[in-house]
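In: can you look at this prediction? I've put the sequence above it.
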Amino acid sequence: MIPRPRDEVFAFATDSANAPRTIRPRGPFAGISKIEMYEGQSLAKGSKRRIFMTDGAVLDEVILDYDPPVRHSYGW
């Protein structure tokens, strides 16, 4: 349990700027080095972003659902 308000924790967890700090490499698993939204899009259902991994891989994601502070889902 994180002793912070739910909306504050959700905002932190879904802020792309925090990903390199929170999703770090561990063992054989790559971490995230940065996230860029496509064409200046903001985080919303249907938006797209590019994930740059610490092992050099690049993933394109689409946001499938975004309903703060309840739901954030995405797919590749």
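Out: Great, that's in hand.
In: mind listing the strands for the protein?
Out: For the chain, the strands defined by DSSP state E cover 32-37, 48-53, 58-67, 71-75.
In: I'd like the mean pLDDT over the longest one, please.
Out: Looking back up the chat, that one is strand 58-67. For strand 58-67, mean pLDDT is 98.
In: re the thing from before, TSV for the strands of the chain, including distance to A11 and mean neighbour count?
Out: Every residue, glycine included, has its C-beta placed from N, CA and C. Below are the strands of the chain laid out as TSV (distance: least, Cβ to Cβ, whole Å; neighbours: other Cβ atoms under 10 Å):
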stretch	distance to A11	mean neighbour count
strand 32-37	15	16
strand 48-53	16	16
strand 58-67	12	14
strand 71-75	10	13
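In: looking at the ones you listed, which is closest to T14?
Out: strand 71-75 (5.1 Å; Cβ to Cβ).
In: what angle do the longest helix anywhere in the chain and strand 71-75 make?
Out: Using DSSP state H to define each element, the chain has its longest helix at helix 6-14. With axes from the mean of the first three to the mean of the last three Cα atoms, to 10 degrees applied, the angle from helix 6-14 to strand 71-75 works out at 20 degrees.
In: and helix 6-14, what other elements does it pack with?
Out: strand 71-75 (3 or more Cβ pairs under 8 Å, 6 or more residues apart in numbering; DSSP states H and E).
In: parallel or antiparallel, which strands does the strand it packs on pair with?
Out: According to DSSP bridges, strand 71-75 has the following sheet partners: strand 58-67 (antiparallel).
In: can you check the pLDDT for W76?
Out: So W76 comes in at 88 (pLDDT).
In: before we move on, the earlier item: contact partners of the longest helix of the chain?
Out: Helix 6-14 is contacted from outside by I2, N18, T22, L43, Y66, P68, P69, V70, H72, using Cβ atoms under 8 Å, 6 or more residues apart in numbering.
In: off-centre distance for that helix?
Out: Offset of helix 6-14 from its chain centre (Cα atoms, centre = their mean, to the nearest Å): 11 Å.
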